[in-house]
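Student: okay, predicted coordinates and the sequence, questions at the end:
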Amino acid sequence: MNRSRRAFLEVALTAALAAAWSGRAGRAVAQQRLRQEDLLGFEPLGQVSILHVADLHAQLEPIYLREPAVNLGVGGARGLPPHITGEELLRTFAIPPRSHLAYALASSDFAELALAYGRVGGADRLATVIKAIRDERGAGRTLLLDGGDALQGSYTALASKGADMVEVMGALGIEATTGHWEFTLGTERVAEIYGTRQRPGASKVAFLAGNVVERDFEEPVFHAVRRFEKGGIPIAVIGQAFPYTPIANPAWMIPEWSFGIREEALRREVNALRQAGAELVILLSHNGFDVDRKLASRVDGIDVILTAHTHDALPRPVTVGRTLLIASGSHGKFVSRLDLEVRNGRVSDYRYSLIPVLADVIAPDRELSAIVRRIRAPHASMLATELGRTRSLLYRRDTFRGTLDDVICAAMLEERDAELCFSPGFRWGASLLAGAPITWEDIYNATAITYPACYRRTMSGATIKAVLEDVADNLLYPDPYYQQGGDMVRTGGLAFTIDVDAPSGRRISELVLLRTGKAIEAERDYVVAGWASIEQATEGPPIWEVVAAHLRRKQVVEAAPVSRVNVRRGS
């Protein structure tokens, strides 16, 4: 069966199943009738099953996680998956509203559906899904890969310098990973955990990052490739770490290492692997979806790109030539299963499922539950301490605004006595439902980094505009190879207009200080607060202390906008 015909049938089948779920399972979940086997149901195909998780961000426990309502695409990616959201996404993939798939994949009706379908993820639920597939297919036909950003994003990961997640990844049986936020642990810690080409690390998981080299002589730092044989098929997995780590994160933490896309080196690697007999070539990537889409169009011979970094979740692969792009979401919310049939050294057929890890439906695995309890036990009381409550839904992801970021910005404005503030457009961080307590764990889930100082300094109006222009250029440059960051920087106390399709340096205009209602003056200095500065000498209290102080004083918060962003787009 050709791929276009198969894709049509898969969409039709998805629509039929989802329609059934919308009528029966959409209501039944609240009555505990949605079953684990319904989520895991899959007709095996071919010789090998590839399992993929990505951007776990150290989330050991189930959480709520709202998908973005705005995921802006620019250049050639405008209007293409994953840059369609909400109702448009549901229509494109024939997913009926209010079904469990709609809850998992779209922001529409999130707060209401969250009450019916519950939390997602959890290391012990991931283990159940993974073990069920391994039991069905056999370990000799199953390959489990992690897309990076696993060791950062929670208090226990911060306190243990990633050791908690190293243990969990080993217990899950992950066979290879790559990195981005891992590098913010510093060169010594990364080498201690994952080793280098010269010496092994403590972790049992292979760390693959062929695009990281030494600055002086450009010698590879890590292994680029791990070879496997699954189902009798020789498989080569190439690892690609986030190419802009020293730009998006502090370069002083990894001073001896250089990063990049290194397209030509990747091309040579793929050709060499093919010539050496690899019948299945997989790129385990932390480039981001749009970078990988371009890469797939320029480097022949890659069968599958398991993409990460941008936290996108798509219910079916995107095909570029003969390459399949798989987007598996974040925070343990999904597990991708890709079954492949390989004939004459290339993929001849595939079958795919993006499995939503609904924590109230999937039974926890006992072994992983015990590990998670042990890891969390010394900190459980502190993490559960309530600091305040929220009247409104708090979430982080959207291209230009997150309500959780509004709370962080409000805290900086008040606690640091600033006229305006900057907060990074990080994609990681769990969602909180209206009426929920806000605990220490919730704050750390949104702020746990190794460079957390909340600064207070003066900046000229010209510098403020330059900061916004620089971040906008990283986010909105039409060529994805030049996109280097997360979502747009969040601001507090500031109004401005952003012209998405304008040239570099001319996207930001009409800056107004909300406190006075007056235009920002280029020559005047303003008191600015912010956090996650990549400068080494940044001083200030950790951001989590600033937010905690704010919550204790307010007791109840509501995510009212603390900035105003006017977005313009060309036709």
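Tutor: Ah, there it is.
Student: quick one: the helices in the stretch 1-150 of the chain, in order.
Tutor: Ranges of helices in the stretch 1-150 of the chain, per DSSP state H, counting those that start in this stretch, are 3-20, 26-28, 36-40, 86-92, 100-105, 110-117, 123-137.
Student: list the buried residues in the third one.
Tutor: Across helix 36-40, burial judged by 16 or more other CB atoms under 10 Å covers 39-40. The way it works is simple: take the backbone N, C-alpha and C, and place the C-beta from them, glycine included.
Student: and it, C-alpha only, in CSV?
Tutor: Extracted in CSV, the C-alpha atoms of helix 36-40 (Å, rounded to 0.1, in the frame of the first residue of the first chain):
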residue,chain,number,x,y,z
GLN,A,36,-5.6,1.1,29.5
GLU,A,37,-5.9,-1.3,26.6
ASP,A,38,-7.9,1.2,24.6
LEU,A,39,-5.0,3.7,24.8
LEU,A,40,-2.4,1.0,24.0
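Student: re earlier: lowest-confidence stretch among the helices of the stretch 1-150 of the chain?
Tutor: When the helices of the stretch 1-150 of the chain are compared by mean pLDDT, helix 3-20 comes last with a mean of 39.
Student: run a quick neighbour tally on the residue lying closest to V221 once chain neighbours are set aside.
Tutor: Sequence neighbours aside, V212 is the residue nearest to V221 in space, at 4.7 Å (criterion: CB to CB, 6 or more residues apart in numbering). V212: 28 surrounding residues under other CB atoms under 10 Å.
Student: contact partners for the most centrally placed residue in the chain?
Tutor: Closest to where the C-alpha atoms of the chain average out (CA atoms, centre = their mean) is H311, at 3.2 Å. Applying CB atoms under 8 Å, 6 or more residues apart in numbering, we find H311 in contact with 55, 329-330, 397, 427-428.
Student: what about 6 Å?
Tutor: Neighbouring residues of H311 by CB atoms under 6 Å, 6 or more residues apart in numbering: 55, 330, 427.
Student: ditto for F42
Tutor: Counted by CB under 6 Å, 6+ apart, F42 has contacts S353.
Student: now it: how far from V304?
Tutor: F42 sits 17 Å away from V304, going by CB to CB, to the nearest Å.
Student: measure stretch 100-112 end to end?
Tutor: Chord length of stretch 100-112, first to last residue, is 12 Å (CA to CA, to the nearest Å).
Student: buried residues in it, which are they?
Tutor: Neighbour-count burial for stretch 100-112 [16+ other CB under 10 Å]: 100-108, 110.
Student: return the distance of that stretch from the chain's centre.
Tutor: Remark: stretch 100-112 is offset 18 Å from the chain centroid, using CA atoms, centre = their mean, to the nearest Å.
Student: give me the domain ranges for this protein.
Tutor: Taking automatic domain parsing as the reference, the chain has its domains at 35-63+119-374, 384-568.
Student: report the distance from the longest one to the chain centre.
Tutor: Relative to its chain's centre, domain 35-63+119-374 lies at 12 Å (CA atoms, centre = their mean).
Student: give the buried residues for stretch 499-517.
Tutor: For stretch 499-517, by 16+ other CB under 10 Å, it's 499-500, 507-508, 511-514.
Student: looking at the residues you listed, spot the one nearest L72.
Tutor: Nearest to L72 among the buried residues of stretch 499-517: V500, at 6.8 Å, using CB to CB.
Student: burial count for V407?
Tutor: Burial of V407 is recorded as 28 neighbouring residues (other CB under 10 Å).
Student: quick one, what contacts it?
Tutor: By CB under 6 Å, 6+ apart, the residues touching V407 are 557, 559.
Student: check which residues of the helix or strand containing it are buried.
Tutor: Assigned by DSSP states H and E, V407 belongs to helix 403-415. By 16+ other CB under 10 Å, the buried positions in helix 403-415 come out as 403-415.
Student: likewise for stretch 317-331?
Tutor: Neighbour count says stretch 317-331 has 317-318, 320, 323-331 buried, by 16+ other CB under 10 Å.
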